[in-house]
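Q: Task: produce atomic coordinates for the following.
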Amino acid sequence: MPADARQAAVAVVLRDRSGTPEVLFIKRAEKPGDPWSGHMAFPGGHKDPDDADLCAAAIRETAEEIGLDISRAPVIGTLPTQRPMSSRRKMMVAPFVFEIEGDPAFTLNHEVAEAVWTPLEPMYRGHNQDTGSPDGGHMRFNGFRLAGGHFVWGLTYRMVQTLFETVDPAYQRIAD
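A: Numbering: from 1, shown residues only. Take a look at the predicted model:
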């Protein structure tokens, strides 16, 4: 990681819902000047000086953004640190994979418009693979189209594919 890169972490939160593995996404709130405004993402954010490490940052940010305490949830893995392609700033994002049980209630803060559970299987199989323009422009990107019209693309899309490659080395990545 470049020494001058800003460090961030996200929580890839998984659960089993009646035999169906699901993953939690958030829809970021619309905010002028935020390059990720309105995008689908994993809960997380920048590492604060008080955070013991990047995992602690993912746990703190998840609690702050959606009111979900994952401090006692098992970390079942990590994914390779990734860099947002669109960011003008040097930033590295470390994904931590957590497993929880049940159907927690969320308390969304001002940074989050919605929390969305979605099954992993359609993404893994490519059934909801799509191309879209997150901002309504002419540029189109590969991603996953979720229920409610949500579109997972960019860094979060790459992280989901990396999760699948980690779990199943035979997984065939769909082009970014």
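Q: those helices in the chain, which residues are they?
A: Secondary structure of the chain (DSSP state H): helices located at 54-66, 121-125, 154-167.
Q: Please identify the deepest-packed of those helices.
A: For the helices of the chain, the largest average neighbour count (mean count of other CB atoms under 10 Å) is found in helix 54-66, namely a mean of 22. To be clear about C-beta, it is placed using only N, CA and C from the backbone, and glycine gets the same treatment.
Q: tell me the mean pLDDT over that helix?
A: Taken as a whole, helix 54-66 has an average pLDDT of 98.
Q: So which residues of the chain form strands?
A: In order along the chain, the chain carries the following strands (DSSP state E): 6-17, 20-28, 40-41, 44-46, 75-78, 91-100, 112-119, 129-132, 141-145, 151-153.
Q: what stretches of the protein score poorly on pLDDT?
A: Scanning the chain for pLDDT under 70 picks out 1-4, 35, 86-89, 134-137, 175-176.
Q: Repeat the analysis, applying 90 as the threshold.
A: Across the chain, residues meeting the criterion (pLDDT under 90) sit at 1-6, 30-38, 83-91, 129-142, 149, 169-176.
Q: which residue is nearest the middle of the protein?
A: Of all residues in the chain, the one closest to the mean position by CA atoms, centre = their mean is residue 42, 2.4 Å from it.
Q: Not counting sequence-adjacent ones, nearest residue to that one?
A: The shortest distance from residue 42 to any non-neighbouring residue, by CB to CB, 6 or more residues apart in numbering, is to residue 10 (3.9 Å).
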